[in-house]
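1. Turn this into a structure:
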Amino acid sequence: MVDFTTPNLCGASEQFNKLAGQFSSIKDSLQGQLEGEIDSLKSELTGSLSVLEADIKGLIPELPEIPDVSLISEIQNLVSLPTGSLSSLTSLANIKLKFGDALDEAGFSLDSLVGDATAAFSGGIDLCGGGIPNFVIGPNGKPTQKAEDAGMPDGDPVDEDGADLTTPSAEINTSNAALAGDAAAASAVVKENLPKTDIASESGDVSDEAKTEYAKKDAIMRAKLQKDGSAPSPQVQKVSNATATDSNLPVKDSLLSADDIIVELKQQQNRLTVANNNLNKAAQRLSFIIQKTRKPDPENILASGTEKLVRDESKSFRLEVSGLPIIADHDLTTDPFVRSKLSFAGKNHSIGKLGTGIHKVYYSFSGIASLGIKQAYRANDPDVPGNTGRLKGRLDRIILRVTDVEKSSERFVKIYDEMTNQIEKTYAVPV
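-> Predicted coordinates for the structure are as follows:
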């Protein structure tokens, strides 16, 4: 220990020597009162320790609390900015820098999340309802996905006595059919593929061989469910359930007032959300199969259980997709769609470029339709003379745009699905 009393000694610390002196004084006091009254000793020590605690805190200040950086908060800030503005582009670049790699590893697409958030924001939907994965950057500086945060009520509980269910049960059952089907399929696959394991009763340890077998079966089950069309992520299934509920509710026959136009705008927003979700589902399936080509055994195993994916940059494939919808207004008139020599060669490989390019083209169309719906919401003022008629004309244009987006979604989903199939065929090798 450096003794501050030594003149001109390098590294000496007056504050530290003060603490050391206090420790020494307390020690001497204890040794001098070994035969004294306990109450007297306690009183003296309490005062000395309080002073010592205050001095230590003064020497080592408390670290400031740094709030987590939330992906949900960042995206909410982004969608509230003017589309295409410098502030919007800067915000998007910052989000990609902070969360892009973590989202890719978890199977999420930042572009699709931003597209969904923009659509939800324009429809007045709360973005905190689970549509965006809850990634945060804590003190360690690494993005981590957490469970969804529970909200706090801002009012007193509401008495629900006498509340009636106004949605017919048949419509509720229709809305939940996809979720129930996926759950049943997952249960059947697990029962079929789950291996049996013997565990030592003395220790309860699971052998490395058993762990490897479970990992292999888990990869097979995931691949089977994705191949059979189950939702590749909870986010996709949640959107499917929400839009199914709206799709199965009865609709109004005519547009007579500004309120009716709002109803129709919500239906168009719902159609747009379904189209976006269908594309996201196909894009995530493609993303998962691309990631699987880079994974080690047994995570790269396919649904058959007899083949696995191995990325080989010397291989390539020809993509040809026919029977595609034609969208003349967006110059999507090629049928069949053909691309040659698609491969994983190079850092920016042609497979990834095509997948990313399709995604950007689609969301440029979807974004225009979403913006039109948002502007119509804002312009819906029934007190302005003649406004309802003008909105009806605007609504007709929105319906045409949404129809084109639906066709684009159908077209690109077919291309994504064929890319997924061709990757499996080209890069599959025996286990």
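2. Do I have it right that residue 68 meets residue 137?
-> Yes: between residue 68 and residue 137 there is a contact under Cβ atoms under 8 Å: 6.3 Å. To be clear about C-beta, it is placed using only N, CA and C from the backbone, and glycine gets the same treatment.
3. more crowded one of these two?
-> Applying other Cβ atoms under 10 Å to residue 68 and residue 137 shows that residue 137 carries more neighbours, namely 19 against 13.
4. Quick check: phi and psi on the nearest residue to that one once chain neighbours are set aside?
-> With sequence-adjacent residues excluded and distances taken as Cβ to Cβ, 6 or more residues apart in numbering, residue 137 is closest to residue 69, at 4.0 Å. Dihedral pair for residue 69: phi -90, psi 120, per degrees, to the nearest 10.
5. Residue 69 reaches residue 139, doesn't it?
-> No: Residue 69 lies out of contact with residue 139 (Cβ under 8 Å); the separation is 10.5 Å.
6. list the contacts for residue 71?
-> Counting by Cβ atoms under 8 Å, 6 or more residues apart in numbering, residue 71 touches 95, 99, 103, 132, 133, 134, 135, 136, 143.
7. pLDDT at it, what is it?
-> On the pLDDT scale, residue 71 is placed at 85.
8. do the same with residue 388
-> In the predicted model, residue 388 carries a pLDDT score of 60.
9. So the chain: which segments form each domain?
-> With automatic domain parsing as the criterion, the domains of the chain are listed as 1-66, 74-136, 171-430.
10. The shortest one - what's its average pLDDT?
-> Average pLDDT, domain 74-136: 78.
11. re the thing from before, just the contacts of residue 71: which are in strands?
-> 135, 136, 143 (DSSP state E).
12. Who's the closest spatial neighbour of residue 216, skipping the chain neighbours?
-> Closest to residue 216 by Cβ to Cβ, 6+ apart is residue 298, at 3.7 Å.
13. Confirm the one you found sits in a strand?
-> No: using DSSP: H, G, I helix; E, B strand; the rest coil, the secondary structure at residue 298 is coil, not a strand.
14. what number of residues lie near it?
-> 18.
15. That one: what's it in contact with?
-> Going by Cβ under 8 Å, 6+ apart, residue 298 touches 212, 215, 216, 219, 308.
16. rerun at 7 Å
-> For residue 298, the contacting residues are 212, 215, 216, 219, by Cβ atoms under 7 Å, 6 or more residues apart in numbering.
17. Can you tell me the closest non-neighbouring residue to the second one?
-> Right, residue 215. Of all residues not flanking residue 215 in the chain, residue 298 sits nearest, at 5.2 Å (Cβ to Cβ, 6+ apart).
18. on that earlier part again, compare neighbour counts for residue 69 and residue 139 and give me the winner.
-> residue 69 (17 against 10).
19. show me where the stretch 301-431 of the chain has helices.
-> For the stretch 301-431 of the chain, the helices defined by DSSP state H, counting those that start in this stretch cover 350-379, 387-427.
20. Run the angle between the last one and helix 350-379 for me.
-> Orientation note: helix 387-427 sits at an angle of 170 degrees relative to helix 350-379 (axes from the mean of the first three to the mean of the last three Cα atoms, to 10 degrees).
21. Tell me the helices and strands packed up against helix 387-427.
-> helix 258-292, strand 317-321, helix 350-379 (3 or more Cβ pairs under 7 Å, 6 or more residues apart in numbering; DSSP states H and E).
22. let's see it at 8 Å
-> Packing contacts for helix 387-427, counted by 3 or more Cβ pairs under 8 Å, 6 or more residues apart in numbering; DSSP states H and E, involve helix 258-292, strand 307-309, strand 317-321, strand 337-342, helix 350-379.
23. Would you format those as CSV with distance to residue 396, mean neighbour count and mean pLDDT included?
-> Below are the helices and strands packed on helix 387-427 laid out as CSV (distance: least, Cβ to Cβ, whole Å; neighbours: other Cβ atoms under 10 Å; pLDDT from 0 to 100):
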stretch, distance to residue 396, mean neighbour count, mean pLDDT
helix 258-292, 10, 21, 86
strand 307-309, 47, 21, 91
strand 317-321, 32, 16, 95
strand 337-342, 30, 14, 94
helix 350-379, 11, 18, 88
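24. just so I know, which of these lies nearest residue 327?
-> helix 350-379 (8.2 Å; Cβ to Cβ).
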